[in-house]
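> pasting the sequence and the predicted model now:
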Amino acid sequence: MEITLDDLTVLEPNLAWAARGWTASEIATKEREVVSWAVSARSTAPHLPQLRGGEVLLIPPRVTAAVRGELPALLREAKLRDVAAVVFERDEPGLANNHSIDNGVTVLSWDGHLTQDTEAAINRLLTECRGNLYSVGSELERQMTDLAANGSGLRTLVQTTSDLSGLPIQVVDAQGRLLATSRQEQDVSDAAADPGEETRIERTLPSGSSLILGPLRSEQRVVGRFLIDRIATAVALAARRDEAVRPRGARRVEAVEALLAGRGDPGEQRAAALALGLDPDAMFFVAVSSGKNEATLTSALGPLGTIHAAGEANGRRTSVIAAPGRMDSEGLHNRVAEVKRRWHDETGGTSATLAISAPASGVAHLPLAASEATFVATLQAQPRFSQRAASFDSIDDIGVFRLLYPLRGTSELRQFVAVALGTVERRDQRGTLRETLRAYLEAGGSQANASQQLGIHRNTLAYRLQRITELIGRDVSDPRSWLTLHLALRASDLLEVYADDQQISQQHT
């Protein structure tokens, strides 16, 4: 159970490094010196006790007073016998200006008096620390053996190891994407009173991924350094097991569908994403297409990222796209625009449609993205909707539906439609009056343009408008009512789309 000088200065707050003008490289080397035990120098010859190497040699003031000018020789002898460090009282007279001790021996200072009890206290501390490390290491080995025998994956290993050791643990891939994390890692705001005291210990795994212990409080560093290599070996094995059992074929499609359905709590969703080889914190899109084969879809969606099939139902193919890296909103917007352009180019002259959600940050938001894409796809099935490639966050594509979407299916929206359109919906079973009102409003109140668009006589149009005025209870020729009426018609369309969506979802379920 190796304990270093750095560990000892952490465990024993009275010990500190004496400032001797060392370089960074020298400091790093001295910190890694392994400590065996603490021993005390004597004030009578022989001044040095029996030494086997690695000892921390305590030199109290009575010894320095006894050896006087022979102190440098005493230190050289201690160095030859491989002591890890010598310890003087911090206020040792003349120590700060005595440059003759700069002979390669590591010097520590003790805050207080070096007494006969100091040696025993340090050795007791070393014994307790080694006992704790042995206990934690033995239990960790047992737990890791059980986990390996049960075929447990990376997430379970990381959480179990963290619970046992008390260390925050993360595993990230070569691109810095989080693969697994412990609960402790999510609550590190109090890791240290001084953020400068926090430490991370890292190991690079054969796969290129990295194991990170931390942020660690100062007293956790000893355990972290002791366990890091054991944990790294177990993590590498668990990651390989995850890769071996990763869902493929139909099972993979079902697993992606489960992510879109939002099954499980956030931790389970992250685990499911990792099992699929997906970064749980990536930026995702959901696309719903119809009318074209998988090759055409893959070609069109290529600019957005890596495509993962999520099943097909009612003639619609659903896909999840994981965007590469971390792009800003402008970059994502440009890629979506490129996808829509490709779709138009590759499906020209057909009725094939492509609906794309807004970008979703992380797997937790995939169900919302799936709902957005499905909504746009249902819009595209309406005769009045002309966009064959449309994205949810584009006002140019879906217009006011983007604003009304959060109100879909709500009683507030139904009430607004009922008040704004009066009894038109109930009395207009075939939708003739609503289409007439829509054409009139879109023509900016021009009866000539509206009648031409509808292909009816102007007198017929005038009669219908009069009938609409009676059923609504307000003059439709009044421009002040046009915005309300237009919104009400769009809201009515939205309610129909929502009803269609619900029916499709029930069939799919």
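Done, it's in.
> show me this protein divided up by domain.
Structural domains annotated on the chain: 3-114, 130-244, 250-399, 406-508, as defined by automatic domain parsing.
> got the end-to-end distance for the longest one?
Across its full length, domain 250-399 reaches 37 Å end to end, with Cα to Cα, to the nearest Å as the criterion.
> follow-up on the earlier one: for the domains of the chain, which one sits closest to A120?
Of all the domains of the chain, the one in closest proximity to A120, counting by Cβ to Cβ, is domain 3-114 (8.4 Å). For the C-beta atoms, the positions are set from N, CA and C on the backbone; glycine is no exception.
> mean confidence score for that closest one?
In this model, domain 3-114 has an average pLDDT of 83.
> make sure E128 is indeed in a helix.
Yes - under DSSP: H, G, I helix; E, B strand; the rest coil, E128 falls within a helix.
> all helices of the stretch 351-500 of the chain, in order?
Secondary structure of the stretch 351-500 of the chain (DSSP state H, counting those that start in this stretch): helices located at 366-380, 395-398, 401-404, 411-421, 424-427, 432-442, 447-454, 458-472, 482-508.
> so which bits of the fifth one are buried?
Read it as helix 424-427. For helix 424-427, a neighbour-count test (16 or more other Cβ atoms under 10 Å) marks V424, E425 as buried.
> next one: the third one
Taking 16+ other Cβ under 10 Å as the neighbour-count basis, helix 401-404 is seen to contain the buried residues F401, R402, L404.
> L164: which of those is nearest?
Of the buried residues of helix 401-404, the one sitting nearest to L164 (Cβ to Cβ) turns out to be R402, at 49.8 Å.
> distance check, that closest one against P359.
Distance from R402 to P359, counting by Cβ to Cβ, to the nearest Å: 14 Å.
> most tightly surrounded among the domains of the chain?
Greatest average neighbour count among the domains of the chain goes to domain 250-399 (a mean of 18), per mean count of other Cβ atoms under 10 Å.
> so which of the domains of the chain comes closest to N123?
domain 3-114 (5.3 Å).
> okay, the helices of the stretch 351-500 of the chain in CSV with mean pLDDT and distance to R263 next?
Below are the helices of the stretch 351-500 of the chain laid out as CSV (pLDDT from 0 to 100; distance: least, Cβ to Cβ, whole Å):
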stretch, mean pLDDT, distance to R263
helix 366-380, 93, 9
helix 395-398, 92, 28
helix 401-404, 91, 28
helix 411-421, 92, 28
helix 424-427, 85, 37
helix 432-442, 92, 40
helix 447-454, 92, 48
helix 458-472, 92, 45
helix 482-508, 80, 14
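> okay if I get the ones you listed as a markdown table plus distance to R68?
As requested, these are exported to a markdown table (distance: least, Cβ to Cβ, whole Å):
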| stretch | distance to R68 |
| --- | --- |
| helix 366-380 | 77 |
| helix 395-398 | 88 |
| helix 401-404 | 88 |
| helix 411-421 | 93 |
| helix 424-427 | 107 |
| helix 432-442 | 105 |
| helix 447-454 | 112 |
| helix 458-472 | 110 |
| helix 482-508 | 91 |
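> and of these, who's closest to N314?
helix 482-508 (5.9 Å).
> that closest one packs against which elements?
When contacts are defined as 3 or more Cβ pairs under 8 Å, 6 or more residues apart in numbering; DSSP states H and E, helix 482-508 sits against strand 306-313, helix 366-380, helix 401-404, helix 411-421, helix 432-442.
> what ranges do the strands span in the stretch 251-400 of the chain?
283-290, 306-313, 316-322, 353-356, 360-361, 389-391 (DSSP state E, counting those that start in this stretch).
> in TSV, list those strands along with distance to P206 and mean pLDDT.
Output for those, formatted as TSV (distance: least, Cβ to Cβ, whole Å; pLDDT from 0 to 100):
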stretch	distance to P206	mean pLDDT
strand 283-290	28	94
strand 306-313	24	90
strand 316-322	24	93
strand 353-356	38	95
strand 360-361	31	93
strand 389-391	41	95
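> nearest to R248, of those?
Of these, the one closest to R248 (Cβ to Cβ) turns out to be strand 306-313, at 11.6 Å.
> chain center to the closest one, what's the gap?
Centroid separation between strand 306-313 and its chain, computed with Cα atoms, centre = their mean, to the nearest Å, is 23 Å.
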